[in-house]
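sequence first, predicted model second:
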Amino acid sequence: MTSRSHGTFHASGRSIPFRLLEPNLIEIDGKRYRFYVLHNRNEHIVWLNGHTYHLPRAEKGALSHAAAAPASGEITALMPGKILRIEVNAGDTVVEKQTVAIMESMKMESALHAPRAGRVAAIHCQQGQVVEMGELLIVID
Amino acid sequence: MTSRSHGTFHASGRSIPFRLLEPNLIEIDGKRYRFYVLHNRNEHIVWLNGHTYHLPRAEKGALSHAAAAPASGEITALMPGKILRIEVNAGDTVVEKQTVAIMESMKMESALHAPRAGRVAAIHCQQGQVVEMGELLIVID
Amino acid sequence: MIRKVLIANRGEIAIRIGHTLREMEIETVAVFTDPDEHSLHVPAADAACHIESYLDAREIVRAAKEYGADAIHPGYGFLSESPSLSEECEKAGIIFIGPRPDTIRSMGDKLESKRVMQAAGVPVVPTWDGNPPASAYPVLVKAVGGGGGKGMRLVEKAEDLAEAMASASREASKAFNDSRVFVEKYIRRPRHIEFQILGDSHGNHIHVFERECSIQRRHQKIIEETPSTAMTLKLREEMGAAAVAAAKAVDYRGAGTVEFILDPIGSFYFLEMNTRLQVEHPVTEMTTGLDLVREQVLIAEGQRLLYRQADLHPVGHSMECRIYAEVPEENFRPSTGTIEIFEAPAGPGVRLDSGVGKNSVVSYHFDPLLAKLIVWASSREAAIDRMKRALADFVLLGVRNNIEFLHRVISDPEFSSGKIDTGFLDRHPELFTVSTDVPVEALLVASLGGEKTVSGAHIPDVWTSGFWRNS
Amino acid sequence: MIRKVLIANRGEIAIRIGHTLREMEIETVAVFTDPDEHSLHVPAADAACHIESYLDAREIVRAAKEYGADAIHPGYGFLSESPSLSEECEKAGIIFIGPRPDTIRSMGDKLESKRVMQAAGVPVVPTWDGNPPASAYPVLVKAVGGGGGKGMRLVEKAEDLAEAMASASREASKAFNDSRVFVEKYIRRPRHIEFQILGDSHGNHIHVFERECSIQRRHQKIIEETPSTAMTLKLREEMGAAAVAAAKAVDYRGAGTVEFILDPIGSFYFLEMNTRLQVEHPVTEMTTGLDLVREQVLIAEGQRLLYRQADLHPVGHSMECRIYAEVPEENFRPSTGTIEIFEAPAGPGVRLDSGVGKNSVVSYHFDPLLAKLIVWASSREAAIDRMKRALADFVLLGVRNNIEFLHRVISDPEFSSGKIDTGFLDRHPELFTVSTDVPVEALLVASLGGEKTVSGAHIPDVWTSGFWRNS
């Protein structure tokens, strides 16, 4: 048993002893957890006893920002997919909630709405284009 | 489809075209096979559409030799396990099929017999010892 | 006798169909488009043919001819409910494992199908071509050409009808190659109950009991079970008789499903007939012991059903959870990526029909259904316990998914009580809210950095700063 | 109510017991010895305790105390049939999930158990302490202290008896800590048929139908199924009644098994009673829907059986293949090593109870049972088809095993016909002979060298020399 790795974790003033029992089994403060970890570009993904936690890396997290502040006038792709149709042109005036584009992802259509009234300042995508989640598509001034 | 790897295999005067479709899927002469390969020290192990083939490497294969020619006077371990008891001493005379030692493996006892009559020339193991398959245990002159 | 079958589908259902065909010693031919080149249904078959589209009936029949297949199994979705594949098969002398083209055509037209059922004495939901009376609201806009939540919109007010119909029409056109939509009375707090039916080509029709499919998101089922907690012996007899009457009305051949709406006072209405294998067919298999794909093949070979209604006795309780690549907490947005960790649950009474595994790439091209987790147990309570355990054991990382959400749903006391209807999820917004607190144990584990050997000294400073406590 | 259970076992059975306990929301504690430090049953539990030996009842009860377990499940093998664990549990105030110590003791003594059964009117096999009359040969030497083929020898001639008894005695001593052996009449072409029984602590006893276990190697079962092809309704009623009489004779509490020998003319004899969960219990679970581990726990909690004999109706056919780390073609020699490739079969009606996975180390310390592959289907024929498919899908490389051998056995026409008895394998030496021809496709695949990109030029000369064709 002595061959197993162990250490102490320091966070928020607490010191928590742990032992790594197996590559996917850890004992923390006397309790055992099955765990898996993925380290992606934007986040650490931790699976721990049936729960998954997404821990954004450092300060970037532009995506969560975009999702959290849709009223900013920037319309971003809420999912990866294809731009089916753009329903506005640069310079158009739009009202709040007006449909500005239609996206398709995994065989489901969804409409993108203007987060607020304003003028279409820029269109960063075109019909038929495949976009990633969080990609900036249209800006409303 | 063009990205898939392909080649020609030459054996016994035949030239056989093949395409590697996936890491574990191959098309040989127009027919598809699911396959897995292990390259061990002594042999290549090939699993092909539900059948496993053991291909000994080069000329060594001491193990298969030992198994194939038990009448040679060399008694080797037919399985990995523990020597429970040695029932002869060096210099003893033994008759054919006489029990010379008892081994245990996976909770099953099995007796090792003299392959032929003769004199115990050497004992290469001792009681309680854990032995590997094919290990030379006792030699009958 | 059928000797070789082309499976005109992908994902979990293509693999599941292959399991049965191989057990029947029938050879299988897979088809795949470019994005599916490395998908698991391809190596699972004895042969595979690259195609341009899963929706081109002629191309698929050509592939069947080329590979010497004597039959085609359409699976669900794609061409399964298009009469074109059935027709092209007839022309080419290939057996279509499904109903005759005219059955598919009349049942695929959701308006025509209701006329047929009404004539056969099966109760149907009030329906309009486009302009329901004001008193009829709320109404549902639905696609004439298909189901599965595609091309469907709930409309509360008359002024929203036009946009809903236009949007549904576009979606329907894409999904079913048929842009027609219609309007149907929306029944409040309905249950969605369907009956599995089987018919052979000798005029025998039976039902194989009900499936409760009320737990839906965006009009798409996510949890199905049998038996339904709404069912009494009398109601099952009445609805079963209606399902068989529906099957007889079109002299149904093959495996199909009659969908009903059941309202809170026990009235039921024919909704539509699905002329194919259903996604949720496994729960019926688990409780009746029938292998529905085997039944489909035997019927397609012209064999008679080997049992009568009275011979079928369902046993125990079965439940299915659909594992989707989607984020329920973010309005069910689809998710894509590569599955980097895939640890499947196992054990007694657990069945996983999966289309993916470790290293599978989930792209935006297809439906987000990754796998179906099905359990069987002697009672509903035990089935829920088993499903909870299996979901908790299921690790799927690399693509966001609904596993934890499903666990929360089946752990809900109202769900356990069995008092469910299609509005269940809307009534439980708390199921969509997850605490953003990250426990210190998760931070610790993240800090291990995937190294097998760690010590306190290896932990970077950031992990001691408490930074993550604020995220 | 039981809240935390220590599972005093390892491998597939420890994991399988854990599945049910977790579904019952009961915490689990694993135990492990040094060679099992990295075995899969350890991380599968909520907690784990290192022990010196699986055979030390006191140490195991101490571990249960230390970890706050209120019950111990013994699994099969190890201490499951030793009265010591049951006794130590009683002393320590811990619930033993199994029968009372006196039941274990009297049934564990194979001579005493026959006396008890004879007194209860159950037919038994003729038995001697050591010196059977010459006319009785052939005879079987068996261990008083246990079963499973350990300490068992077939003796054809009187002069071989002494050595056989000595060797059996040594093996028995090691396996059961009891060196006593006895001699029993050997019945020619017998079937081995056993009945699952359940008894609660309120005097209720039922049987849960038969299991056919005639396919054996070295007196150890390798394929089990239910129902038995030997069974008629009348015979099932008679043998079932005898099994229940056996259970009542000892007021049996828990899940147990009454083993019978059935001779070719339909006479049956009590052989022994196994006072524990049986390796092959899953086939009973698959056809009756009972979870036998759950039943064990409920009975141990003092609950009454929730059903009567007449409530149980088995459905369909179930078959189990034991996956052993052994080489059937080389006299079943055990094999060890590291499992480098492990691809489990899946699909409808397939259950895999496994104690190993990728990277598991199989050492010589333990029984060579790696996993159990269980299938269910509506008929025996369909179950065999399904098992063939599942075995063909099962890839386990790195440790030699019997998967292909099992496939050959169930593909044998005599096996399919159901005319089996315990001499089946001895009558079919051809099942042990494999062609040494290596097909050119295997040579080709071996030459790929694990590289993902290959071309003709990469193949070393040896592969073109035809060398391997001679091997």
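Arrived safely, thanks for sending. Numbers count the residues shown, from 1 in each chain, chains lettered A, B, ... in the order given.

contacts and neighbour counts: CA atoms only from here.
Fine.

domain parsing for chain A?
The record, using automatic domain parsing to delimit domains, assigns chain A the ranges A:3-56, A:60-140.

weakest of those domains in terms of mean pLDDT?
By mean pLDDT, the lowest-scoring of those turns out to be domain A:60-140, with a mean of 79.

run me through the strand neighbours of the helix or strand hosting C:T257, direction for each.
Assessed by DSSP states H and E, C:T257 sits inside strand C:254-262. Note on strand C:254-262: by DSSP bridges, its sheet partners are strand C:191-199 (antiparallel), strand C:268-274 (antiparallel).

what's in contact with that strand?
With CA atoms under 8 Å, 6 or more residues apart in numbering or on different chains as the test, strand C:254-262 has contacts from C:97-99, C:190-200, C:243, C:246, C:268-278, C:292, C:295-296, C:299-300.

what's the ChimeraX line that selects buried ones from the residues you listed?
Entered in ChimeraX, the line below selects the buried ones among these, by 16 or more other CA atoms under 10 Å in any protein chain shown:
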select /C:97,98,99,190,191,192,193,194,195,196,197,198,199,200,243,246,268,269,270,271,272,273,274,275,276,277,278,292,295,296,299,300
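
ranges for the helices of the stretch 51-200 of chain C?
Here the stretch 51-200 of chain C has its helices, by DSSP state H, counting those that start in this stretch, at C:57-66, C:83-92, C:101-108, C:110-119, C:161-176.

in CSV: these, plus mean pLDDT.
Formatted as CSV, those follow (pLDDT from 0 to 100):
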stretch, mean pLDDT
helix C:57-66, 98
helix C:83-92, 96
helix C:101-108, 94
helix C:110-119, 92
helix C:161-176, 91
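
closest one to chain A among the ones you listed?
Closest to chain A of the helices of the stretch 51-200 of chain C is helix C:161-176 (CA to the nearest CA; 6.4 Å).

can you list the neighbours in contact with that closest one?
For helix C:161-176, the external contacting residues (CA under 8 Å, 6+ apart) are A:107-109, C:78, C:82, C:141-143, C:145-146, C:150-155, C:178-181.

taking those residues one by one, which sit in strands?
A:M108, A:E109, C:V141, C:K142, C:A143, C:R153, C:L154, C:V155, C:V181 (DSSP state E).

and for residue 90, the neighbour number?
All of this refers to chain A. With neighbours defined by other CA atoms under 10 Å in any protein chain shown, the count for A:A90 comes to 13.

actually, chain C is the one I wanted.
Neighbours of C:E90 using other CA under 10 Å come to 15.

contact partners for C:E212?
C:R191, C:H192, C:I193, C:E194, C:E224, C:E225, C:T226, C:P227, C:S228, C:T229.

can you confirm the last one is in a helix?
No - residue assignment for C:T229, taken from DSSP: H, G, I helix; E, B strand; the rest coil, gives coil, which places it outside any helix.

how close does the closest residue to it other than its chain neighbours sit to C:V361?
In space, and not counting its chain neighbours, C:T229 is closest to C:G418: 5.6 Å by CA to CA, 6 or more residues apart in numbering or on different chains. C:G418 sits at a distance of 36 Å from C:V361 (criterion: CA to CA, to the nearest Å).

the two: who's more crowded?
C:V361 (19 against 12).

ok, the residue nearest to that one when sequence neighbours are not counted - contacts?
Distance criterion CA to CA, 6+ apart; nearest residue to C:V361, sequence neighbours excluded, is C:T338 at 4.4 Å. Applying CA under 8 Å, 6+ apart to C:T338 gives the contacts C:N359, C:S360, C:V361, C:V362, C:G398, C:V399.

before we move on, what about C:E37?
Contact criterion CA under 8 Å, 6+ apart gives no residues in contact with C:E37.

how about the helices in the stretch 301-450 of chain C?
For the stretch 301-450 of chain C, applying DSSP H, counting those that start in this stretch gives helices covering C:380-393, C:403-411, C:413-417, C:424-427, C:440-447.

lowest-confidence stretch among those helices?
Minimum mean pLDDT among the helices of the stretch 301-450 of chain C: helix C:440-447, a mean of 87.

what's around C:I187, how many residues?
Neighbour count for C:I187, taken as other CA under 10 Å: 18.

helices along chain A, start to end?
Per DSSP state H, chain A carries helices over the ranges A:62-68.

spell out which parts of it neighbour chain D.
Contact residues (CA under 8 Å from any CA of the partner chain) of chain A with chain D: A:E22, A:L25, A:K31, A:R32, A:Y33, A:R34.

one more time with 10 Å
Within chain A, the positions adjacent to chain D are A:1, A:21-27, A:30-34 by CA under 10 Å from any CA of the partner chain.

what parts of the stretch 301-450 of chain C come near chain D?
By CA under 10 Å from any CA, the residues of the stretch 301-450 of chain C that approach chain D are C:313-317, C:345-354, C:374, C:376-379, C:382-390, C:393.
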